[in-house]
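In: give me a model of this one.
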Amino acid sequence: MSDDLKLSRGVGVKILAVILITGIILGGTALYYGWYVPQREQQQQNVLSWFGLPTGNVNILCAGSLSKVLTKAAQQFEAKHPGITIFISAHGSLECINLLKQGMQCDIIFVSDFKVIKNNLYLVPLPSNPSINYADWWVDFVRNQIVIAYNPTTTVGQLITDTNWYTILTAGQGKWARANPDADPCGYRTLIALNISDTYYPDHSDEYPNYPLGGVLNYVTNPGCPNVVVAAKESDIMGPLQAGQYDAGFTYLSLAIQFGLPYIELPANVSLGDASPEYDDWYSLWSITTPAKTYWGSAIKYAASIPNTVKNVYWAIEFLRFMLSPEGQAILANGGQPPVNPPVAEGNIAKIPSQILSLCTY
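Out: Numbering: from 1, shown residues only. Below is the predicted model:
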């Protein structure tokens, strides 16, 4: 046999070996991702079921201002718990209550005002079973404050300061926005803050000159007000504001931070953002009345509860526990929402799951 033929056969064997090895690797990879990984994920879900831990969906109703932080938290939670999917439906907090009562599935409800749960779910019986309440407890878990966010690229955005925003607004300059007070707590909190403003700013005229004699509250609540838009919820303000369709808007500090917009902080007496007892007592002196009802001021406290309409109880408890944990609190803080640390449990303490109560004070 010639040396050339031997060399040719040797090369051919090597090429065949490479092809076979490559095929084995590719086949193994396909087998791993096509069969083993789905099987492993299914086994994880089966193990959960064997131990009586339900898999599936956790349905959340939440205030619009929590949408971004809860979405981020849900992604981290789902990564830790294969087989669990968190569905988040964001609305004004009062609309969340309406949707829950209309039968929308809700395993956890997060609202921007604890009074929304206290007044509308706590000790309120289910129509279908009066012996059961919509909710027996809630947890205060995060704070916020009212600010004026603005678009710095507009004419108004380039002029506005903490000592002239009220003159710019009442002079009809620019397009402003506020939330609907009868659908969203940010809406009635804005009006309460403006009610306080109409006393606080004139009393501090050396610091805040030229406050309008007619006040700001009457101006923005006038049905004929030419330059103030009433949005369904506070988060509906942010996109148009970011795009320059609005010049400025009354919103939460957290949303201004999350949308990367500059903002004007209101004095602590006005912003509803100081949770100390003396400020909370001050805020509680003020109210506003809409055609629907009267709303009273208080320091801003967001709250969460697992209503008695819950279906996925185990994972509802686990996700709420995650949100109250240091990891969840870090997500809230990074979103511009200072957590209540430790969270405060309220209502019927005896009915709060021990996994939640252990993280709270009461």
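In: so what's the residue most central in space within the chain up against?
Out: For the chain, Leu66 is the residue whose C-alpha lies nearest the centre (Cα atoms, centre = their mean; 0.5 Å). Going by Cβ atoms under 8 Å, 6 or more residues apart in numbering, Leu66 touches Ala90, Phe110, Ser112, Tyr302, Gln337. To be clear about C-beta, it is placed using only N, CA and C from the backbone, and glycine gets the same treatment.
In: moving C-terminal of the helix or strand of the chain with the lowest mean pLDDT, what's the next helix or strand?
Out: Least confident helix or strand of the chain, by mean pLDDT, DSSP states H and E, is helix 37-50 with a mean of 42. Counting by DSSP states H and E, the element after helix 37-50 in chain order, helix or strand, is strand 56-63.
In: which other helices and strands contact that following strand?
Out: helix 67-80, strand 84-91, helix 93-101, strand 108-111, helix 313-324 (3 or more Cβ pairs under 8 Å, 6 or more residues apart in numbering; DSSP states H and E).
In: mind redoing it with 10 Å?
Out: On a contact count with 3 or more Cβ pairs under 10 Å, 6 or more residues apart in numbering; DSSP states H and E, strand 56-63 meets helix 67-80, strand 84-91, helix 93-101, strand 108-111, strand 301-305, helix 313-324.
In: tell me which residues in the third one are buried?
Out: Just to be clear, that refers to helix 93-101. Ser93, Leu94, Glu95, Cys96, Ile97, Leu99, Leu100, Lys101 (16 or more other Cβ atoms under 10 Å).
In: and the gap between the closest residue to the third one other than its chain neighbours and Tyr122?
Out: Spelled out, that is Glu95. Leaving aside its chain neighbours, Glu95 sits nearest to Ala183 (5.3 Å; criterion: Cβ to Cβ, 6 or more residues apart in numbering). In this view, Ala183 and Tyr122 are 20 Å apart by Cβ to Cβ, to the nearest Å.
In: what's the answer for Arg189, then?
Out: Using Cβ to Cβ, Arg189 is found at 20 Å from Tyr122.
In: between these two, who's got more neighbours?
Out: Between Arg189 and Tyr122, counted using other Cβ atoms under 10 Å, Arg189 has the larger neighbour count: 29 against 20.
In: and the angle for whichever strand or helix holds the more buried one with strand 56-63?
Out: Using DSSP H and E, Arg189 maps to helix 185-203. Counting by axes from the mean of the first three to the mean of the last three Cα atoms, to 10 degrees, helix 185-203 lies at 30 degrees to strand 56-63.
In: got the CA coordinates for helix 185-203 in CSV?
Out: Taking C-alpha atoms only, helix 185-203 is exported to CSV below (Å, rounded to 0.1, in the frame of the first residue of the first chain):
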residue,chain,number,x,y,z
PRO,A,185,-55.4,58.2,46.3
CYS,A,186,-52.8,60.3,44.6
GLY,A,187,-55.7,62.4,43.3
TYR,A,188,-57.2,63.2,46.6
ARG,A,189,-53.8,63.5,48.2
THR,A,190,-52.9,66.1,45.6
LEU,A,191,-56.0,68.1,46.5
ILE,A,192,-55.3,67.8,50.2
ALA,A,193,-51.8,69.0,49.7
LEU,A,194,-53.0,72.0,47.7
ASN,A,195,-55.6,72.7,50.5
ILE,A,196,-52.7,72.9,53.0
SER,A,197,-50.7,74.9,50.5
ASP,A,198,-53.3,77.6,50.4
THR,A,199,-52.7,78.2,54.1
TYR,A,200,-49.0,77.2,54.5
TYR,A,201,-47.5,79.2,51.6
PRO,A,202,-49.2,82.6,52.5
ASP,A,203,-48.1,82.1,56.1
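In: next, the buried residues of it.
Out: Result for helix 185-203 [16+ other Cβ under 10 Å]: buried residues 185-198, 200-201.
In: and which of those residues is nearest to Lys72?
Out: Proximity of the buried residues of helix 185-203 to Lys72 (Cβ to Cβ) peaks at Cys186, which lies at 20.6 Å.
In: next, the contact list for the closest one, please.
Out: Counting by Cβ atoms under 10 Å, 6 or more residues apart in numbering, Cys186 touches 63-65, 92-93, 112-113, 144, 146, 178-180, 231, 233-235, 237, 249-252, 255, 300.
In: distance of the closest residue to Asp247 other than its chain neighbours from Ser93?
Out: Excluding its sequence neighbours, the residue lying closest to Asp247 (Cβ to Cβ, 6+ apart) is Gly174, at 3.4 Å. Distance, Gly174 to Ser93, using Cβ to Cβ: 28 Å.
In: next one: Leu217
Out: According to Cβ to Cβ, Leu217 and Ser93 sit 22 Å apart.
In: any idea what the nearest residue to Phe110 once chain neighbours are set aside is bridged to?
Out: In space, and not counting its chain neighbours, Phe110 is closest to Cys62: 4.1 Å by Cβ to Cβ, 6+ apart. In this entry, Cys62 is beta-bridged to Ala90, Phe110, by DSSP bridges.
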